[in-house]
Structure formats: structure tokens, C-alpha cells
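>>> sequence-free structure coming up:
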């Protein structure tokens with residue numbers, strides 16, 4: 001994929017680093033293939049490994065003149081079975097087994113499997129369906145006695161130690177932030193990550209421990225709430241509450257699909273993306289998007305359609321997990337995802353949006369952002385939108401409306417540029433228009449001309465604020481024509 005194609009693509013790509021992608025060579029290939037944000041999964045790897053990866057990402061993104069964000073994904077309280085007494089355990093249909101919270105009595109060779117979740121007996125009842133290993137294995141609860149939950153296997157499979165445990169319909173939950181998460185969070189703060197993802201929150205209050213630490217330390221990291229619990233999507237109001245409490249969200253389709261069922265996940269994904277965009281929050285769609293490319297050099301047609309569907313839904317970014325962390329073809333999968341996004345973005349519905357035309361805005365910067373996008377879509381010969389920004393808020397607001405035009409976010413802060421790397425349709429540019437002499441509007445337009453986005457006779461919509469150095473102060477829109 002050429003640099004021009006990367007600039008044309010509006011949907012961003014988040015790629016997970018892991019054993020297959022923790023070298024300078026592969027990270028460099030991923031950046032040039034089109035990765036916009038790297039995810040570091042704190043469920044795996046050591047702090048030293050994460051520090052090394054961050055160093056390489058920062059150095060290589062600078063080398064390739066790309067603004068790339070970093071997302072730290074906290075492990076959270078994933079509910080799991082404990083250690084088995086054998087490497088694997090083959091479960092067969094109609095087999096009886098016991099899930100126990102009493103580790104001293106656990107013996108998987110005799111059908112007694114330890115579960116690390118101490119509230120299991122009080123959280124389930126006769127007839128419930130329990131799901132192991134992301135739903136690959138299913139159990140039916142027969143009875144609950146003391147520390148033991150007697151089950152019958154209804155969907156056979158090969159079980160390994162430490163696999164996840166869910167209840168169909170939700171209902172198994174623990175504190176959203178663990179001691180390990182707090183230790184990992186300190187690393188994220190020390191290394192100036194742009195984003196931190198909180199796993200398994202059920203409500204807005206579950207984000208408070210992370211919010212408090214970020215505030216106390218003065219960290220600028222933004223919180224991404226991973227929506228992956230059935231409780232979080234029970235009603236539209238609950239989804240809105242979690243979105244409002246976060247700086248952005250992730251449609252984490254793994255555990256969420258296990259708890260609510262894949263058939264229900266389709267409409268939930270669309271709802272989360274719609275509500276996130278309405279709330280002016282970036283949204284990432286994740287999990288198994290091109291899973292087959294872990295072992296194969298091309299995606300399935302179904303995977304291509306899955307990615308394209310998320311693009312048409314309006315997601316800001318699509319995410320790769322095992323595909324780049326442990327797969328055989330990290331760069332190829334990024335290229336395939338980028339090509340898919342570009343293809344979906346050619347659909348006519350991506351060109352314009354009438355959303356919000358009847359809204360009354362309380363914030364001046366939001367009204368200016370909407371005016372810029374309206375002008376871009378309805379004034380002839382406008383070929384780009386330029387936002388002079390301190391915090392990245394105006395480019396984010398502008399990107400909430402559909403358009404085929406590039407949105408250039410020009411900021412004097414590298415952290416803002418890296419944060420804008422996640423926003424759909426936004427191209428970050430690091431430049432302080434106040435540092436050089438001359439009219440800021442002319443300088444901004446010159447930057448876009450340098451990038452080939454503006455030709456003689458074409459126009460550009462530029463937004464800026466009077467209070468330089470203060471985020472959220474955008475109050476001016478100008479439409480200028482470029483004449484040589």
C-alpha cells in the first residue's frame with residue numbers, strides 16, 4: 001500500500017504487538033503497511049517487553065514520519081478455570097464434572113475442575129449454561145452444593161488450563177480493576193501512552209479507579225471502555241452510561257459474543273457505534289476480524305465483509321489481535337484490512353451525512369466543527385478540512401459526520417497528533433503555526449498544498465480559535481481558495 005493510499009483511507013487500523021511483531025523489522029513493516037495505533041496487551045508479556053516495544057514504536061514512527069498512537073489494554077478480572085492436573089482435558093458430551101472453588105479438592109483427572117472465581121456457586125443456578133474457552137465448550141448446571149457446581153457437558157471440546165469462563169446471558173462479574181491492572185497502569189503512565197483500555201466494565205463507576213489514578217498523576221491518557229459484558233448492553237441507557245463515562249469505547253466482540261450470543265451481537269455492534277458517534281467518542285471494533293490470517297496469507301470473503309460492515313457502520317477503527325501478535329503474516333493482514341476499508345469507503349453512503357442538521361449546539365467549538373463539515377459537503381471545490389488544534393477536540397467533532405474529504409488536524413503537540421491517529425478521517429500534522437511569522441491561515445493552507453491535497457482554484461475549510469494554547473476554544477471558520 002502506497003503512502004497516498006494510507007492518507008486516503010479514513011478508517012484507522014489498531015494492531016496488537018506480540019511475539020510475531022516485536023522486532024524493529026516487523027514494526028517498521030506494520031507502520032508502512034498502514035497501522036495507526038499499536039495495542040499492547042497487558043494480559044501477556046512483561047513490563048520490560050512492553051517498554052522495549054514502546055521505544056521501537058516511537059523511534060520507527062518518527063523515522064517513517066507517521067504519527068502513531070499507543071493503546072495499553074489492561075487485563076481486567078477475566079474469570080477463568082484454574083490449573084488442570086494434565087496439559088489438556090478432553091470433555092465429551094453428556095459427561096458429568098464438577099466446577100469447584102475449593103482448590104484443595106480439585107483434581108481434573110477425577111472430573112473436579114478448579115475455578116478461580118470465588119462467587120461461582122452463588123452466581124449460578126440449575127439450568128444455567130456456562131461457557132468455557134470463548135464458548136467453544138458448553139456446560140449445563142445440574143445443581144449447586146456448597147463450593148461445588150455440578151455440570152453436564154452439552155458441547156464437547158478440548159480444555160486447557162486458565163481458559164475463560166462465562167455464563168450465557170452474563171451475571172459473572174468481579175471488580176473491574178485488579179492489583180495487577182494498577183501496576184500495569186503505572187507503566188502506561190510512565191511511558192505516556194495515548195490510550196488505556198479498561199476490560200470488563202459493567203457501568204461507568206467501574207472506570208473510576210483508573211480515572212482517579214490518571215488524574216492524580218496528571219496523565220493525559222484517554223480511557224477506552226471495552227464493552228464486553230452482557231450487563232453493559234442490557235439496555236440502551238446502560239450502553240450510553242458507559243460511553244458517556246469513557247473517552248472512547250471498544251466493541252470487544254469476544255466475551256460479549258459469548259455472553260449474549262453471536263446472533264445478538266450484530267445489532268449490538270451497530271448500536272454501540274451509533275451511540276458512540278452521537279456522543280462524540282471514538283469507537284474501535286475488535287476481535288476475530290481477520291482471524292484466518294493467523295495461519296493463511298489471505299482473508300476469507302466472510303472476514304472481508306465483516307471488516308467492511310464495521311466500516312459502513314461508522315467505526316473509527318478496526319482492530320487486529322492474534323493476527324498481528326502471533327500470526328504468520330502481520331504486514332499482509334494489515335494490508336488486507338486497509339484494502340478492505342478503502343473498498344467499503346467507496347460506498348455512496350460514506351460520502352455525506354445529514355445527521356445533526358437539526359441540532360442546537362451548546363458548545364461553540366462543536367457548532368464550528370459541524371459548520372466546517374457542512375460547508376465542505378455543500379460548497380463547491382472544497383477539497384479538504386483543516387483544524388488548527390491544541391487538544392484534538394475539533395478534528396474529533398468534525399470526524400463525526402461522514403465525508404470523503406480529508407480532515408487535517410494541525411497541532412503543536414506530538415501527544416495530540418498521536419491521539420488523533422485513532423480518529424476516523426483525521427490526518428495528524430505536527431506544526432506550530434504560531435512559531436513562524438506570517439498569517440496563520442496562509443501557513444495552514446500552505447501545509448496542505450505541500451501534501452498535494454489542494455490544487456489551484458480549489459478551496460479549503462479552516463477552523464481555529466482565538467485562545468492559542470487552550471484546548472476547546474475553536475470559534476472561527478474560514479473558507480479560502482488557493483491561488484498560485
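Arrived safely, thanks for sending. Model, not experiment: these values are computed from the prediction.
>>> Where does pLDDT dip in the stretch 301-450 of the chain?
By pLDDT under 70, the low-scoring segments of the stretch 301-450 of the chain are 351-360.
>>> all helices for it, in order.
Per DSSP state H, counting those that start in this stretch, the stretch 301-450 of the chain carries helices over the ranges 301-313, 322-325, 330-344, 364-378, 393-398, 414-420, 440-450.
>>> mind listing what residue 408 touches?
In this structure, residue 408 makes contact with 384, 385, 386, 387, 426, 427, 429, 447, 448, 451, 453, judged by Cβ atoms under 8 Å, 6 or more residues apart in numbering. Any C-beta I mention is one placed from the backbone N, CA and C, and that applies to glycine too.
>>> ok, back up a step: in a markdown table: the helices of the stretch 301-450 of the chain, plus distance to residue 61.
Compiled in a markdown table, those are given as follows (distance: least, Cβ to Cβ, whole Å):
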| stretch | distance to residue 61 |
| --- | --- |
| helix 301-313 | 24 |
| helix 322-325 | 16 |
| helix 330-344 | 14 |
| helix 364-378 | 27 |
| helix 393-398 | 19 |
| helix 414-420 | 8 |
| helix 440-450 | 19 |
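>>> Tabulate those helices (a markdown table), appending mean neighbour count.
As requested, the helices of the stretch 301-450 of the chain are arranged in a markdown table below (neighbours: other Cβ atoms under 10 Å):
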| stretch | mean neighbour count |
| --- | --- |
| helix 301-313 | 18 |
| helix 322-325 | 26 |
| helix 330-344 | 22 |
| helix 364-378 | 20 |
| helix 393-398 | 27 |
| helix 414-420 | 24 |
| helix 440-450 | 17 |
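>>> Figure out which of those helices is closest to residue 221.
Taking Cβ to Cβ as the measure, these were each checked against residue 221, and helix 414-420 came out nearest at 9.3 Å.
>>> Show me the contact partners of that closest one.
67-70, 192, 194-195, 220, 222, 389-392, 395-396, 409, 411, 426, 428-430.
>>> Just the buried residues of these.
For the contacts of helix 414-420, burial is judged from neighbour counts taken by 16 or more other Cβ atoms under 10 Å, and it is met by 67-70, 194-195, 222, 389-392, 395-396, 409, 411, 426, 428-429.
>>> Mind checking which of the contacts of helix 414-420 land in strands?
69, 70, 195, 222, 409, 411, 426, 428, 429, 430 (DSSP state E).
>>> Relative to residue 349, how far out is the second one?
Same thing as residue 70. 32 Å (Cβ to Cβ, to the nearest Å).
>>> Near the nearest residue to residue 213 once chain neighbours are set aside, how many other residues are there?
Leaving out its chain neighbours, the residue that sits closest to residue 213 by Cβ to Cβ, 6 or more residues apart in numbering is residue 185, at 5.8 Å. Burial of residue 185 is recorded as 24 neighbouring residues (other Cβ atoms under 10 Å).
>>> Go ahead and flag the most central residue of this structure.
Note on the chain: the residue nearest the mean C-alpha position is residue 284, at 3.4 Å, using Cα atoms, centre = their mean.
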